[in-house]
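Enquirer: Just to be clear, the model below is a prediction. Sequence and coordinates:
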Number of protein chains: 2
Amino acid sequence: MSVTVVGSIAFDAVTTPLGTRERMLGGSAVHFSLAASFFDTVHVVGPVGDDFGAQEYAVLNARGVDTADIERVAGGQTFFWRGEYGWDFNERQTLDTQLNVFAEFRPKLSEASRGADVLFLANIQPQLQREVREQCSGARFVALDSMNLWIETAREALLETIAGVDCLMLNDAELRQLTREPSFVRAARQVREWGPRVIIAKQGEYGAAMFTEEGFFGLPAFPLERVVDPTGAGDCFAGGFMGYVAAHPDAELEHDLLCRAMAYGTALASFNVEEFGVERVARLTSEEISERVSELQRITSFVEKPIALRG
Amino acid sequence: MSVTVVGSIAFDAVTTPLGTRERMLGGSAVHFSLAASFFDTVHVVGPVGDDFGAQEYAVLNARGVDTADIERVAGGQTFFWRGEYGWDFNERQTLDTQLNVFAEFRPKLSEASRGADVLFLANIQPQLQREVREQCSGARFVALDSMNLWIETAREALLETIAGVDCLMLNDAELRQLTREPSFVRAARQVREWGPRVIIAKQGEYGAAMFTEEGFFGLPAFPLERVVDPTGAGDCFAGGFMGYVAAHPDAELEHDLLCRAMAYGTALASFNVEEFGVERVARLTSEEISERVSELQRITSFVEKPIALRG
């Protein structure tokens, strides 16, 4: 089986308190693809310009990512984003966004991409997400990310698109903004009424929380000595999560399996932020991932013991 | 054995999006005492004025709290705080603070309070915390809370006081401010060099994280349908945590025991925020606490299973 992701392919310029990169490979579909590539074959769908060269393809191909549906727009420039972070990595400032080839993007999926078992609709315009979702009519599990821009400017289209997916994956604040519910418990209930049966709130440095029909699951972020660049952490989380789902084509997607998927997502996200851009994940090994998931299990578990309470 | 807490005893006026209370029993020592009372005998030390009456004593006495060291200042008024919360419960606005009898408070501990096994220095002036710590020279486990005010205005005194305790328990942001380290891993290492061997970062609605010599432990907050009033949640967490420690007088205070203590702290804090002030914890039962800890264990655990990763 395989995973398809539709989203941005970008050059990012990032400044954090620990350094600067003027031009590095980025974009939600790229971060997702590299993370998911540890679990299954990934088809990446998105537009690039003439400036997207062999070096960039090589990063994806080295991880076995199928780049056939990367659409090269002759005479165009690749999407560009410039941002800056202070010490509070949950806050970021966008200094420049150049949509370039992304402005006219209409996703065209090959048969291989359309046939994927698992589909991730990274943060793009909701109407385009819906078109992709309809092309992948046989997908067993479909998740969607979005952002404040679409919640504010395309709410109705976004709600319609959400109705057609299995899993909504948003930042904490975006989920609140979308549902107008301050509590995750109530926000998740609201979203379930719209259609998705799995709701994930990404909480940045605090981790992530999930609701399924069977209830809540919460997982802290993996504790790190230092965070170098948080760009793409949410997409790596999604890549680990969706990759894990794709790697279990014959399993019921029940709560416990999705909890484990959360752990792999958390592990992938934690590696991603250790270095700039895709630098860390591009040279990651299976052993490192497995070790980190085991460690995560250890540092988030407690064993109950009976105690006599008073009153 | 027993627990002693020194801190504020207050009347609070609180407005949240779900309601208002003009005058209710509060203060760090009160919230702590009620939470810890489920585990062991609690001695509460703090000043009150003539306005603190039988009704307030009754709330504490009903939970078996020893109120002999509540110091009644004739002609004085009890500490008063007025605050307001919006939908983001991690942000609160202080509208009025009247120190009243608290301005001249010098803790005087009876023999019973001095003999406690476990001591919690709630958020008061660091020099006073140190005096109390010295009076309780036999305490087996001492923890300290503080706030941005003391970090900014009494940093040296605070560092000296921290050097004499086993556990530092601060809000996330305060821990960053105190250590000037953005990462909890590094902040905890810094604090351990100052003396404490256990460092806890309270993360509000996201839960809490701990570092001991044996490493990290992270626990999400218990997910709630609605939060009515977060005032005192941190002190209830401390009460549950320290109470659990006190209830194990013969045990090594090793990592696993402290992880369980975190779970009880988390459970107590979660009940506290379900209603205004002490309303919920005052009528809480042992069964409810045990059930919530079991539930917390269930919703924060995942079971690893081997998976073949690629690369």
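Expert: Looks like it came in fine. Numbers count the residues shown, from 1 in each chain, chains lettered A, B, ... in the order given.

Enquirer: helix, strand or coil for residue A:108?
Expert: Under the three-state scheme (DSSP: H, G, I helix; E, B strand; the rest coil), residue A:108 adopts coil.

Enquirer: what do you get for residue A:45?
Expert: Three-state secondary structure (criterion: three-state DSSP) places residue A:45 in strand.

Enquirer: What's the local residue count around it?
Expert: 29 (other C-beta atoms under 10 Å in any protein chain shown). For every residue, glycine as well, the C-beta is placed using N, CA and C.

Enquirer: shouldn't it be in contact with residue A:68?
Expert: No: with contacts counted by C-beta atoms under 8 Å, residue A:45 stays clear of residue A:68, the gap being 9.4 Å.

Enquirer: From residue A:67, how far out is the residue nearest to residue A:120 when sequence neighbours are not counted?
Expert: Closest residue to residue A:120 in three dimensions, ignoring its sequence neighbours and counting by C-beta to C-beta, 6 or more residues apart in numbering or on different chains: residue A:5, at 4.5 Å. When C-beta to C-beta, to the nearest Å is applied, the distance between residue A:5 and residue A:67 equals 12 Å.

Enquirer: Looking at those two, which is more packed in?
Expert: Set side by side, residue A:5 and residue A:67 show unequal neighbour counts under other C-beta under 10 Å, the larger going to residue A:5 at 32 against 19.

Enquirer: Quickly find the element holding residue A:61.
Expert: The secondary structure element spanning residue A:61 is helix A:54-62 (assigned by DSSP states H and E).

Enquirer: you'd agree residue A:42 is up against residue A:67?
Expert: No: shown here, residue A:42 and residue A:67 do not form a contact pair, counting by C-beta under 8 Å, at 9.5 Å.

Enquirer: pLDDT value on residue A:201, please?
Expert: What the model reports for residue A:201 is a pLDDT of 98.

Enquirer: Would you verify that it is located in a strand?
Expert: Yes: when classified by three-state DSSP, residue A:201 is found to be part of a strand.

Enquirer: Please determine how far it is located from chain B.
Expert: Separation of residue A:201 from chain B (C-beta to the nearest C-beta, to the nearest Å) stands at 10 Å.

Enquirer: and what of residue A:18?
Expert: Plainly put, residue A:18 is 10 Å away from chain B if you go by C-beta to the nearest C-beta.

Enquirer: what sits against the residue lying closest to that residue once chain neighbours are set aside?
Expert: If you skip the residues right next to it in sequence, residue A:18 has residue A:228 as its closest partner in space, 4.9 Å away by C-beta to C-beta, 6+ apart. Contact criterion C-beta atoms under 8 Å, 6 or more residues apart in numbering or on different chains gives A:16, A:18, A:19, A:273, A:274, A:275, A:276 as the residues in contact with residue A:228.

Enquirer: Return the members of the residues you listed classed as buried.
Expert: Buried residues within these, counting neighbours by 16 or more other C-beta atoms under 10 Å in any protein chain shown: A:16, A:273, A:274, A:275, A:276.

Enquirer: Could you show which parts of the stretch 151-300 of chain A are in contact with chain B?
Expert: Residues of the stretch 151-300 of chain A found near chain B, taking C-beta under 8 Å from any C-beta of the partner chain as the criterion, are A:176, A:182-186, A:203, A:206-207, A:209, A:215-221, A:223-227, A:244, A:247, A:256, A:259-260, A:262-263, A:284-286, A:289-290, A:293-294, A:297, A:299-300.

Enquirer: Buried ones only from those residues, please, as a ChimeraX command.
Expert: Entered in ChimeraX, the line below selects the buried ones among these, by 16+ other C-beta under 10 Å:
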select /A:176,182,183,184,185,186,203,206,207,209,216,217,218,219,220,221,223,224,227,244,247,256,259,260,262,263,284,289,290,293,297,299,300
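
Enquirer: ok so, going back, what's the lowest-pLDDT member of the contacts of residue A:228?
Expert: The member of these with the lowest pLDDT is residue A:18, and it reads 90.

Enquirer: these two touch, right, that one and residue A:226?
Expert: Yes: here residue A:18 reaches residue A:226: they are 6.9 Å apart, a contact under C-beta under 8 Å.

Enquirer: Show me the common contact partners of residue A:5 and residue A:67, please.
Expert: Common neighbours of residue A:5 and residue A:67 are listed as residue A:44 (criterion: C-beta under 8 Å, 6+ apart).

Enquirer: ok, back up a step: CA atoms only for the helix holding residue A:61 - export them in PDB, please.
Expert: Provided in PDB are the C-alpha atoms of helix A:54-62 (Å, rounded to 0.1, in the frame of the first residue of the first chain):
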ATOM      1  CA  ALA A  54      18.500  17.800  -8.800                       C
ATOM      2  CA  GLN A  55      19.700  18.400  -5.300                       C
ATOM      3  CA  GLU A  56      16.200  18.800  -3.900                       C
ATOM      4  CA  TYR A  57      14.900  15.800  -5.800                       C
ATOM      5  CA  ALA A  58      17.800  13.800  -4.400                       C
ATOM      6  CA  VAL A  59      16.800  14.400  -0.800                       C
ATOM      7  CA  LEU A  60      13.400  13.000  -1.500                       C
ATOM      8  CA  ASN A  61      14.500  10.100  -3.700                       C
ATOM      9  CA  ALA A  62      17.200   9.100  -1.200                       C
END
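
Enquirer: tell me the mean pLDDT for that helix?
Expert: 98.

Enquirer: can you pull the buried residues of the next helix or strand after it?
Expert: For helix A:54-62, the succeeding helix or strand toward the C-terminus, using DSSP H and E, is strand A:70-72. Under the neighbour-count criterion of 16+ other C-beta under 10 Å, strand A:70-72 has A:70, A:71 buried.

Enquirer: and the helix or strand following strand A:70-72, how far out from the chain's middle?
Expert: Next helix or strand after strand A:70-72 toward the C-terminus (DSSP H and E): strand A:79-85. Taking C-alpha atoms, centre = their mean, to the nearest Å, the mean C-alpha location of strand A:79-85 is offset from the chain mean by 18 Å.

Enquirer: when you scan whichever helix or strand comes after strand A:79-85, is anything in it near chain B?
Expert: Proceeding C-terminally, strand A:79-85 gives way to strand A:92-98 as the next helix or strand, assigned by DSSP H and E. No: using C-beta under 8 Å from any C-beta, no contact is recorded between strand A:92-98 and chain B, whose separation bottoms out at 14.2 Å.

Enquirer: That'll do, ta.
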